[in-house]
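Engineer: Here's my sequence, what's the structure:
(chains A and B)
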Amino acid sequence: MDVSNTDRPKSFRHRHLWGRPLSRREFIGASIISAGATATAGLWMPAVALAGDRVATVAPQPIPGGVSPFGIFIHHFPPAPGVVNEPSQITDFNGFVGICRVRGQGTGTDLATGAHSRLSFQVDNGFMDGVYVGVDGKDHRGTFAFV
Amino acid sequence: MDLFDGPVGSNQVHDFSPGIAPNGLFWTQAIEQGSVKVQLGDGAASMRATNLPEEDAHTLLNALTGGPTEPSTVSFDMRWTGQPPLMDVTDAVHGFTGSFMFSTVTIDWSAQEAGFSFVSDPADTTSTVAAVMGRERNGVFFSG
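Structural biologist: The predicted structure follows:
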């Protein structure tokens, strides 16, 4: 995804996986991990919280800045060659970061017909691994993927 | 993670992401501690994940405007290889500071959803457009 447009903000937000209904597996995992945490359900990050995993349970805050692809402000700076744009997606953060834009090819399969097709990809992915101040105002340790 | 039926940038057919959180957090999801390994001094980092739940918005514009999506999963194994030197960078405008190294990245990844699957070519065929790895502080941890 190329979100390099730098026009200025018109904040836009839409639903996130944390806001969608949980699958049975996610619900079970979240229920186990969140036992006793009902009062902070709004801070909960259930999408990838599975039983036995060590995952952050309090959401981080986004970086304040960003760019505006299609005139839509997003809290993100795309990676670019030869410069270090803010690589983190989360603010109040102290830790390791990585970000990239890579390209390649692969094979898609139509599971109904078995037909294969050659597809190109562009992936802007990254990681944040360290200490952050969560939406609850407290310090936490977490590992996050930018996908 | 975008797929195109044609060159990158033309005829996008899939757009996998965790979506944008109500507080604006952009395409970010918690993963298991231990999924990321960093040896900054050696210029090496990796990130692995299996069956992360995502939304397929099919196009970037649809992803940004909150259009319909389909449930999907992605798995990936990514490796950053640093290209020294490690550079000290402070950006007072955007409020972050740290030590960073430009990098090359390889990725093996796959995606699954109802009626469709994707498997990337071997990791060593990956082309890096831009990549960086490092250690940083921002927000309340930024001291100029």
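
Engineer: Find the closest residue to chain A in chain B.
Structural biologist: Closest contact between chain B and chain A, by Cβ to the nearest Cβ, is at B:G66 (2.8 Å). In this view, the C-beta of every residue, glycine as well, is placed from N, C-alpha and C.

Engineer: Would you list the phi and psi of that residue?
Structural biologist: Backbone geometry at B:G66, expressed as degrees, to the nearest 10, gives phi 70, psi 30.

Engineer: Tell me which helix or strand B:L64 sits in.
Structural biologist: If you go by DSSP states H and E, B:L64 is part of helix B:60-65.

Engineer: ok, which stretches of chain A are helices?
Structural biologist: A:24-33 (DSSP state H).

Engineer: Sketch out the low-pLDDT regions of it for me.
Structural biologist: Residue ranges of chain A with pLDDT under 70: A:1-53.

Engineer: that older thread, from B:M78, how far out is the residue of chain B closest to chain A?
Structural biologist: Look at B:G66 and B:M78: by Cβ to Cβ, to the nearest Å, they are 28 Å apart.

Engineer: okay, the two: which has more neighbours?
Structural biologist: Set B:G66 next to B:M78 and count neighbours by other Cβ atoms under 10 Å in any protein chain shown: B:M78 wins out with 26 against 16.

Engineer: Name the nearest residue to A:R101, ignoring sequence neighbours.
Structural biologist: B:V129 (4.1 Å; Cβ to Cβ, 6 or more residues apart in numbering or on different chains).

Engineer: Any idea how far the helix holding B:L64 is from the middle of the chain?
Structural biologist: When distances are taken as Cα atoms, centre = their mean, to the nearest Å, helix B:60-65 is centred 17 Å away from the chain's centroid.

Engineer: And that helix, what's buried?
Structural biologist: B:60, B:62-64 (16 or more other Cβ atoms under 10 Å in any protein chain shown).

Engineer: before we move on, what about stretch B:73-88?
Structural biologist: B:73-74, B:76-82, B:86.

Engineer: thinking again about what came up before, just checking, the residue nearest to A:R101 is part of a helix?
Structural biologist: No: if the criterion is DSSP: H, G, I helix; E, B strand; the rest coil, then B:V129 is strand and not within a helix.
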